[in-house]
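J.: Need the 3D shape of this:
(one chain, ligands or ions: 1)
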Amino acid sequence: MITNITRRFLAIFISSFFVIWRSRRLRKWAFIPALIILIGYLLPQKMVIPVQGATTQDWNVASFWAYPWGTSVTHKGIDIFNPRGSNVISSTYGIVVYTFDGGKGGKSVMVLGPKWRFHYYAHLDSIDAFPLQPLKIGTVIGTVGDTGNAKGKPPHLHYAITTPFPYPQLYDKEAVHGYKKMFYLNPDTWLRP
Ligand SMILES: [Zn+2]
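T.: Modelled structure (predicted):
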């Protein structure tokens with residue numbers, strides 16, 4: 001799910017750009033998709049820890065890109081441990097892209113925030129969000145649980161950030177799946193005061 005969303009986003013963006021570019025009549029508007037992308041990048045990003053009451057002690061920094069990690073091979077996010085039922089809140093302002101129940105993530109919510117970053121909240125006990133819902137920083141979107149492949153483990157929020165536009169400077173030739181680090185950002189980067 002998580003990589004599909006960024007892939008689909010990129011496909012929609014690139015194809016809409018070419019549809020506009022190919023049409024003689026529309027070509028003069030080809031700057032609009034580019035402008036929209038630019039505006040998205042200019043939006044400031046402020047972030048909070050996405051579990052109400054959690055502190056920086058509640059996740060292990062080393063869990064980002066931990067290997068080996070089951071069928072995912074590498075762990076492309078951080079796990080924020082908190083009692084079941086704690087509020088999961090949106091770490092940024094944004095818009096809900098989808099909610100989902102199933103697969104490895106179990107009950108999950110995908111949010112598009114500033115700078116074209118997709119925020120993925122997984123293993124929720126309950127979802128309190130709906131597609132296209134606008135969110136403020138700190139809006140409750142669900143509760144901490146152990147759904148999906150977290151079943152039987154201590155309840156935690158799996159939190160990941162992906163980008164459809166890669167950051168080449170994050171390419172890591174040493175790491176397993178190192179090229180994917182251009183697309184999966186480390187949430188820890190923004191969650192420390
Ligand atoms: Zn996880």
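J.: Looking at this protein, which helix is longest?
T.: As assigned by DSSP state H, the longest helix anywhere in the chain is helix 2-22.
J.: Name the nearest residue to the closest residue to the ion within the chain, ignoring sequence neighbours.
T.: Nearest to the ion, among the residues of the chain, is His158, at 3.4 Å (CB to the ion). Yep, even glycine has a C-beta here, placed from its N, CA and C like the rest. Nearest in space to His158, with sequence neighbours left out and distances taken as CB to CB, 6 or more residues apart in numbering, is Ala122 at 4.1 Å.
J.: I'd like the C-alpha coordinates of the longest strand belonging to the chain written as CSV, please.
T.: Counting residues, the longest strand found in the chain (DSSP state E) is strand 117-127. C-alpha atoms of strand 117-127 as CSV (Å, rounded to 0.1, in the frame of the first residue of the first chain):
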residue,chain,number,x,y,z
ARG,A,117,5.1,13.9,2.1
PHE,A,118,2.7,11.0,2.7
HIS,A,119,2.3,10.1,6.4
TYR,A,120,1.3,6.5,7.1
TYR,A,121,-0.2,5.5,10.4
ALA,A,122,-0.7,1.8,10.9
HIS,A,123,-1.8,-1.0,13.4
LEU,A,124,-4.5,1.3,14.7
ASP,A,125,-7.1,-0.2,17.1
SER,A,126,-9.8,2.1,15.7
ILE,A,127,-9.9,4.7,12.8
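J.: so how far is Ala129 from the residue nearest to the spatial centre of the chain?
T.: The centroid of the chain falls nearest to His119 when counting by CA atoms, centre = their mean (2.2 Å). Separation of His119 from Ala129 (CB to CB, to the nearest Å): 12 Å.
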